[in-house]
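J.: Coordinates for the following, if possible.
(2 chains)
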Amino acid sequence: MPASAKGAPAIHVAGVSRFYATQPALRQVSFSVDDGERVALLGRNGAGKTTLLRILAGVLDPSAGEVRIAGAAPSDPDPAWRARIGFLPERPPLHDDMDVAPYLRHAAELRGADPKAAARVIERCDLRRYAERRIGTLSHGVRQRVGLAQAIVHGPRVLLLDEPAAGLDPAQTLGLRELLQSLELTLVLSSHLLSEVARIATRYLVLEEGRLVRDFAATDEDERVQLRVEAAPGIPTPERILVDVVGRDGFETVDGTTFRIDAADRAAVCRALIAAGHELVALERPTSTLSELEAIFGEVAG
Amino acid sequence: MSASRRIAARELGALRRTGALWAFVGTLGLVHGLHLLAFAVDERRTSERALAIFFHHGAYVMEAAGLVLALTLVVMGAPADMLWRTAPIRAHQRIAGRFGAGLVALALGVVACAHLPALVLWSGHGSVGHMAAGGVGWLLSGAFGLAVGLAGTAFFRRPLAGAIAGGCVLAALELMPMVADRVRPSWRGVLAEAAPVWAHNDAFRRGILDLSDGVLLVGLTYVALVAASAGQEERRWAP
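T.: Numbering: from 1, shown residues only, chains lettered A, B, ... in the order given. I've put the predicted structure just below:
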């Protein structure tokens, strides 16, 4: 595992257990997360995901074990470290009586950030239309975005999200995904939407009955996209165009009409193929990680 | 601006925006007005006596109003509880902020009811000083009720249960002088002095600013706020 920029991992969890009365919610969970990693917590309902996130957010103490997050222990009596984390719980912590912009300014000020950061996060979370609207009147999807905005308004080092896509429609889910992909921070999120998780996370922790049963990274395949082309006759072949655009080593031929290219090259490749007169049938991500996630989830869920 | 002042400003803004502040002040004015007309004013009483009765009974109303205000603030803030719990602020800053907002609301209530004792002064004898001392007594009683309410709600998962517990504490304290006559003499003095309004509003209701009573009420309020902070800190870790 690569060392973080500051030497210490962004999150360090060692032997953490948590009991509710005598009922175990987490049992001997240990892992570390480096700066910039995007980690997804997976597991069935009651597996311990929310408990783990709440412990990381410093709102629940572990019954046993050690937690260090952003260089501090959550039990540290000096609460200054909390400014280094952002947390979006399952129910966004919103003041329904406030307008969006004043609420975000309030959230920024409480975390010691410049209140002007609220304006930036309003832009970033695409909330400009709602800035002067009362939070209590907003739809579920917009409330979720406001909740995410309060979690990132102060520029945290670690962002913790509990089911951020729950109840969102496809367009809102897409917007959330793009926003999360654009953030440069350490991310830990829990979600039941495996297809979304596969697109956001680079590492997966699977919990079952409070135990960490799998810890694995996304495959390199996810950095590539798959392109299917209906080749038109009488013009340079798709392969020839791909060589021109990304070079011979920049793509991989699956069959005569399907190619794999780096995700970063997709726009240039698509433009060139269309300009030449070929028809694009599909542009998709290979599903290796998603398939793997579904298989593991199915295995764990029995 | 400190975190406490930010929280106080937000809480006061929430009371104002939701209309709870005006409902609170209006209800307070109604209760005090009915009380003044129904019990305090009597042709056979002097103005001073009428004011003393008004400020005495009114202090109990203020104590209960403080408790209700605490419950209102906690219930209104509950959905955003996690915002504060994950912010770099201490429990006592949060309690101080809420208490500050409640105190301003109580002070507005006292000021909004100032015309009631003024009517007594206008139609009889008395002094502005009597009114001012009575108002201070009300504010101190209300502040104590508010602090006990915040302490109760800090220790209980359900705010209503906390407010009920706080109400029981206030009632028990106010009933102590009745118990005092039935216990050993060594306990009698302590119990007789335990009632915030019964034992320590007497000077204020008669128009005297008694420093020792004032300090004692402020001290009791402070103790309740410390308990509220401790309870809040404990609840930070609650599931």
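J.: drop to CA atoms for contacts and neighbour counts, all remaining ones
T.: Will do.
J.: Next up, the contacts around residue B:73.
T.: With contact set as CA atoms under 8 Å, 6 or more residues apart in numbering or on different chains, residue B:73 has these partners: B:11, B:15, B:98, B:102.
J.: from the residues you listed, which is closest to chain A?
T.: Proximity of these to chain A (CA to the nearest CA) peaks at residue B:15, which lies at 9.1 Å.
J.: Hmm, residue B:23 and the closest one touching each other?
T.: No. Counting by CA atoms under 8 Å, residue B:15 does not reach residue B:23; the two are 9.4 Å apart.
J.: list the helices and strands whatever helix or strand residue A:189 lives in packs on?
T.: Residue A:189 belongs to strand A:186-190 when assigned by DSSP states H and E. Strand A:186-190 sits against strand A:38-42, strand A:158-162, with contacts defined as 3 or more CA pairs under 8 Å, 6 or more residues apart in numbering or on different chains; DSSP states H and E.
J.: Dead centre of the chain: give me the residue that sits there.
T.: Going with chain A. The residue lying closest to the centre of chain A (CA atoms, centre = their mean) is residue A:200, at 4.4 Å.
J.: actually chain B
T.: For chain B, the residue sitting closest to the mean C-alpha position, by CA atoms, centre = their mean, is residue B:142 at 1.5 Å.
J.: Model confidence for the residue of chain B found nearest chain A, exactly?
T.: Closest residue of chain B to chain A, CA to the nearest CA: residue B:80 (3.9 Å). On pLDDT, residue B:80 comes in at 90.
J.: and the spatially closest residue to it that is not a sequence neighbour, backbone torsions?
T.: Closest residue to residue B:80 apart from its sequence neighbours, by CA to CA, 6 or more residues apart in numbering or on different chains: residue A:93 at 3.9 Å. Main-chain dihedrals, residue A:93, degrees, to the nearest 10: phi -80, psi 80.
J.: And residue A:71, by the same measure?
T.: According to degrees, to the nearest 10, residue A:71 has phi 80, psi 0.
J.: quick one, what contacts it?
T.: Counting by CA under 8 Å, 6+ apart, residue A:71 has contacts A:8-11, A:81.
J.: The residue of chain A positioned farthest from its centre: what secondary structure?
T.: Within chain A, the residue lying farthest from the chain centre (CA atoms, centre = their mean) is residue A:234, at 44.7 Å. Here residue A:234 is recorded as coil under DSSP: H, G, I helix; E, B strand; the rest coil.
J.: returning to that earlier point: wait, the residue nearest to the centre of chain B touches residue B:106, no?
T.: Yes. With contact defined as CA under 8 Å, residue B:142 reaches residue B:106; the gap is 6.7 Å.
J.: Now for these two: what residues contact both?
T.: Listed contacts common to residue B:142 and residue B:106 are B:62, B:66; contacts here mean CA under 8 Å, 6+ apart.
J.: ok, residue A:266 to residue B:126 distance?
T.: Counting by CA to CA, to the nearest Å, the gap from residue A:266 to residue B:126 is 87 Å.
J.: Residue A:34 now?
T.: 74 Å.
J.: So which of these two has more stuff around it?
T.: Per other CA atoms under 10 Å in any protein chain shown, whichever of residue A:34 and residue B:126 has more neighbours is residue A:34, with 22 against 19.
J.: Before we move on, what's the pLDDT of the more buried one?
T.: Note on residue A:34: pLDDT of 92.
J.: nearest residue to it other than its sequence neighbours?
T.: Residue A:34 sits nearest to residue A:9 (CA to CA, 6+ apart), 4.6 Å away.
J.: Kindly give the local confidence score, pLDDT, for whichever residue of the stretch 201-302 of chain A sits closest to chain B.
T.: Minimum separation of the stretch 201-302 of chain A from chain B (CA to the nearest CA) falls at residue A:210, amounting to 15.6 Å. Per-residue pLDDT puts residue A:210 at 92.
J.: so what's it up against?
T.: Contacts of residue A:210 by CA under 8 Å, 6+ apart are A:24-27, A:29, A:47-48.
J.: between residue B:15 and residue B:23, who's got more neighbours?
T.: Each of residue B:15 and residue B:23 has its neighbours counted (other CA under 10 Å); residue B:15 has more, 23 against 13.
J.: Now the more buried one: which helix or strand?
T.: Residue B:15 is part of helix B:3-18, with elements assigned from DSSP H and E.
J.: Test my guess that residue A:179 contacts residue A:125.
T.: Yes. Assessed by CA under 8 Å, residue A:179 is found in contact with residue A:125 at 7.1 Å.
J.: more crowded one of these two?
T.: In this view residue A:179 and residue A:125 are compared by other CA under 10 Å, and residue A:125 has more residues nearby, 19 against 15.
J.: tell me which residues form a beta bridge with residue A:158?
T.: Under the criterion DSSP bridges, residue A:158 forms beta bridges with residue A:85, residue A:186.
J.: how close does it get to residue B:114?
T.: Residue A:158 sits at a distance of 53 Å from residue B:114 (criterion: CA to CA).
J.: Likewise for residue A:56?
T.: Residue A:56 sits at a distance of 51 Å from residue B:114 (criterion: CA to CA).
J.: The two - which one has more neighbours?
T.: Neighbours were counted for residue A:56 and for residue B:114 using other CA under 10 Å; residue A:56 has more, 27 against 15.
J.: Check the residue of chain A found nearest chain B and give its pLDDT.
T.: Chain B sits closest to residue A:93 of chain A, with a gap of 3.9 Å, by CA to the nearest CA. Looking at residue A:93, its pLDDT reads 95.
J.: cool, and residue A:299?
T.: 69.
J.: before we move on, what about residue B:229?
T.: For residue B:229, the model assigns a pLDDT of 93.
J.: and if you look at residue B:180?
T.: 82.
J.: ok, it - contacts?
T.: Neighbouring residues of residue B:180 by CA under 8 Å, 6+ apart: B:187-189, B:191-192.
J.: What lies in contact with the strand or helix carrying residue A:215?
T.: In the assignment (DSSP H and E), residue A:215 maps to strand A:211-217. Defining contact as CA under 8 Å, 6+ apart, one finds that strand A:211-217 is touched by A:26-30, A:47-48, A:202-207.
J.: what do you get for stretch B:21-37?
T.: Outside stretch B:21-37, the residues within contact range by CA under 8 Å, 6+ apart are B:15-16, B:54, B:58, B:61, B:65, B:69, B:105, B:108-109, B:112-113, B:116.
J.: if we can go back for a sec, list the buried residues of whichever helix or strand comes after the strand holding residue A:215.
T.: Scanning forward in sequence from strand A:211-217 by DSSP H and E, the next helix or strand is strand A:224-230. For strand A:224-230, burial by neighbour count (16 or more other CA atoms under 10 Å in any protein chain shown) applies to A:224-229.
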